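**Student:** curious how this folds, go ahead:
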Amino acid sequence: MQMFGGFRAFHAAPDAVPSGTGAPALSVRGVSKRYNTGALALTETSIDVAEGEFVSLVGPSGCGKSTMLGLIAGLLAPDTGSIELDGAPVTGPGGSRAMVFQDAALMPWLTVRHNVEYGLRAQGVPRAERRERALEAIAMVRLEHVTDRHPHELSGGMRQRVAIARALVLRPRVLLMDEPFSALDAQTRTVLHEELQRIYLETRPAVVFVTHNLMEAAFLADTVYLMSSGPGRIVRRYSVDVARPREERDPRLTEIRNDMLERMRQEAHDQAAATGRPPLAATAAVAE
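**Tutor:** Residues are numbered from 1 along each chain as shown. This next block holds a predicted model:
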C-alpha cells in the first residue's frame, strides 16, 4: 500500500486479480494470441472487469493492448484461454460489447443523428424508438445543437463524442475504447477526459480503455493494468482509490503515473542491456 499525504493513493499488486466484488462481468483467463507471421502478440494474460468498473490497459507501443481489446470484442479469436461475459463464452462480436476506435469512423453521408442511430437500425429497432434513443445519447454527449450536421462540419473532438454516443446508444454491457483521444490536441483531450468521466458516472457501463498515455489511464480508471512490451503480459495492477469527480492535477494520480513510468523505463533499460542498444534509445519509446 502506498501513501501520499495521509491518503490511500493506490494499491499495486503484481498479479492480475479481480478488483470488483463477487463474480466479474467480464473474465479473461489465460489468453494468448500469435500473429499469422508467427510473432507472439500476447502471452497468457488474465484480467477481470467487474460490473460498472472502468479498467485501463496501458503500456508501450506493440505490447498487445489493442490485440486484447480485439479479443474481448470478439473480432479476434484467442489461441489459448477463454473470455466470458456474464458467464457465457465470447465467440464473436455481439451487441453486449460496443467499440469506440481511435478514428471516429463516422459515415460522412449521414447526419449526427443518423450516425448514432445506425447500430440500432442494424438491430431492427423501430424508427420511433431508435430516434428517441439516439437523441438521448446525443444529449448525453452534449451535441444537441449539431444533431442534423454531417461529420465534415464537426471538430475532431465533436466527432469523437458522436462515436461515443453511437456506442452508448446500444446500451452495451461493456464499452471498449481503443485510444479514442490519441489523435486529438492536448486541450481537446483534457476536455474529453472530463466529459468521459461525467458520462461514465451517469451511465456506469463496464469499460475497457486502451491507451499509451499514463496520466490518462490513472485519471479515468478504477483499475489500471500495466503491460510489458511485446509479447504483452500484465506486469502490474493498480487500484486507483481516488474519489470521482477527479482532477488531473491530483498528486495521488501523479504518483501512480510516475510509478508506471519508472517501471516502463526500467524495463526499457533492461531490454537495452540485454540487446546491446543504448539505454536512451530504449527509453525514447516510452510514452509519458
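
**Student:** contacts and neighbour counts: CA atoms only from here.
**Tutor:** OK.

**Student:** gap between the helix or strand hosting Ser66 and the chain center?
**Tutor:** If you go by DSSP states H and E, Ser66 is part of helix 65-73. Averaging C-alpha positions (C-alpha atoms, centre = their mean, to the nearest Å) puts helix 65-73 10 Å from its chain's average.

**Student:** what about the helices in the protein?
**Tutor:** Per DSSP state H, the chain carries helices over the ranges 65-73, 112-122, 127-140, 156-168, 186-203, 214-220, 251-275, 279-283.

**Student:** what's the distance between Arg131 and Ala167?
**Tutor:** 15 Å (C-alpha to C-alpha, to the nearest Å).

**Student:** pLDDT below threshold where in the stretch 1-150 of the chain?
**Tutor:** 1-23 (pLDDT under 70).

**Student:** would you map the strands across it?
**Tutor:** Taking DSSP state E, counting those that start in this stretch as the criterion, the stretch 1-150 of the chain carries its strands at 2-4, 7-13, 26-34, 40-49, 54-58, 80-85, 88-89, 97-100.

**Student:** so which of these gets nearest Val208?
**Tutor:** Taking C-alpha to C-alpha, strand 54-58 is the member of the strands of the stretch 1-150 of the chain nearest to Val208, at 4.9 Å.

**Student:** contacts for the closest one?
**Tutor:** With contact meaning C-alpha atoms under 8 Å, 6 or more residues apart in numbering, strand 54-58 is reached by 49, 65, 205-214, 217-218, 220-227.

**Student:** at 6 Å instead, please
**Tutor:** Residues outside strand 54-58 that contact it (C-alpha atoms under 6 Å, 6 or more residues apart in numbering): 206-212, 217, 221-226.

**Student:** starting from it, tell me which strands it pairs with and how they run.
**Tutor:** Strand 54-58 pairs in its sheet with strand 206-211 (parallel), strand 223-227 (parallel), by DSSP bridges.

**Student:** which of these sits most buried?
**Tutor:** strand 223-227 (a mean of 27; mean count of other C-alpha atoms under 10 Å).

**Student:** report the angle between the helix holding Ser66 and strand 206-211.
**Tutor:** With axes from the mean of the first three to the mean of the last three C-alpha atoms, to 10 degrees applied, the angle from helix 65-73 to strand 206-211 works out at 160 degrees.

**Student:** any buried residues in helix 65-73, and which?
**Tutor:** The neighbour-count check on helix 65-73 (16 or more other C-alpha atoms under 10 Å) flags Lys65, Ser66, Thr67, Met68, Leu69, Gly70, Leu71, Ile72, Ala73 as buried.

**Student:** re earlier: any chance of TSV for the strands of the stretch 1-150 of the chain, columns distance to Leu261?
**Tutor:** Listed next are the strands of the stretch 1-150 of the chain as TSV, based on distance: least, C-alpha to C-alpha, whole Å:
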stretch	distance to Leu261
strand 2-4	16
strand 7-13	14
strand 26-34	25
strand 40-49	21
strand 54-58	11
strand 80-85	29
strand 88-89	35
strand 97-100	26
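
**Student:** out of those, which is the most enclosed?
**Tutor:** Greatest burial across these, using mean count of other C-alpha under 10 Å, falls to strand 54-58, with a mean of 27.

**Student:** tell me what angle that strand forms with strand 40-49.
**Tutor:** Using the same axes, to 10 degrees: strand 54-58 against strand 40-49 is 160 degrees.

**Student:** what angle do strand 54-58 and helix 251-275 make?
**Tutor:** 30 degrees.

**Student:** pipe the strands paired with strand 54-58 into TSV and attach mean pLDDT and distance to Thr80 per row.
**Tutor:** Below are those laid out as TSV (pLDDT from 0 to 100; distance: least, C-alpha to C-alpha, whole Å):
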stretch	mean pLDDT	distance to Thr80
strand 206-211	95	21
strand 223-227	95	18
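
**Student:** so which of these comes closest to Glu44?
**Tutor:** Of all these, strand 223-227 comes closest under C-alpha to C-alpha, at 12.1 Å.
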